[in-house]
Each structure stands twice: as C-alpha cells, then as structure tokens.
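Chemist: Sequence first, then the predicted structure:
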Amino acid sequence: MKAIVTVLGKDQIGIIASVCTLMAGHKVNVLDISQTLLKETFTMVMLVDIAACDIPFADLASALEAEGAARSLSIRIQREEIFSAMHKI
C-alpha cells in the first residue's frame, strides 16, 4: 500500500533526515521524493510504501504530525488512493 507524505514550513536543517528517520523506524520505505524551497518555505512531497509499517496508519499519521509540531512544520500523510481521488479533475 502506498501513501503520500507532505511537509510544509520554514526551512531548517534536518527536515528530510527527521521525517525519513521516523518513517524508517516504522519500516516505511520512501519510493520517491520531491522537495524545493519557495523563498524561505520548505515544501516536500514523498511517495512511500507503508505495506510493512509496524504500527497502524492512524498512529503513523499522529507520529508524523507530532514530529511536525515539534519542528513548527505541517506534516501530513494520506493513502495514495485518497490523495489521487481528491486531485482528479
């Protein structure tokens, strides 16, 4: 099963490392990643494989949100099929 992780916030050292470390700790594999800076705003979108994740999806979402809150970032995860359905024209 795949999911989309989005990260938004003021640029700072270690954003990618902290998000990837958290996910790797729960056996989530990063399949693709895109990140950029818009002036001082960091934006990242990741496609991840959550098939081997060792915690429930809701717990992973909460852990990512907590990591974001600790770093003053918005970190969200959505299942790929929901993300895709929301962005169909």
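Modeler: Looks like it came in fine.
Chemist: From now on I want contacts and neighbour counts done on CA atoms only, so please keep to that.
Modeler: Fine.
Chemist: which residue ranges form the strands in the chain?
Modeler: 2-10, 29-38, 41-49, 73-79 (DSSP state E).
Chemist: Dump these into JSON lines; add mean neighbour count and distance to Leu64 as well.
Modeler: Output for the strands of the chain, formatted as JSON lines (neighbours: other CA atoms under 10 Å; distance: least, CA to CA, whole Å):
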{"stretch": "strand 2-10", "mean neighbour count": "20", "distance to Leu64": "9"}
{"stretch": "strand 29-38", "mean neighbour count": "13", "distance to Leu64": "14"}
{"stretch": "strand 41-49", "mean neighbour count": "18", "distance to Leu64": "13"}
{"stretch": "strand 73-79", "mean neighbour count": "19", "distance to Leu64": "6"}
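Chemist: how close does the closest residue to Asp54 other than its chain neighbours sit to Ala52?
Modeler: Nearest residue to Asp54 in three dimensions, chain neighbours excluded: His26, at 5.4 Å (CA to CA, 6 or more residues apart in numbering). Look at His26 and Ala52: by CA to CA, to the nearest Å, they are 8 Å apart.
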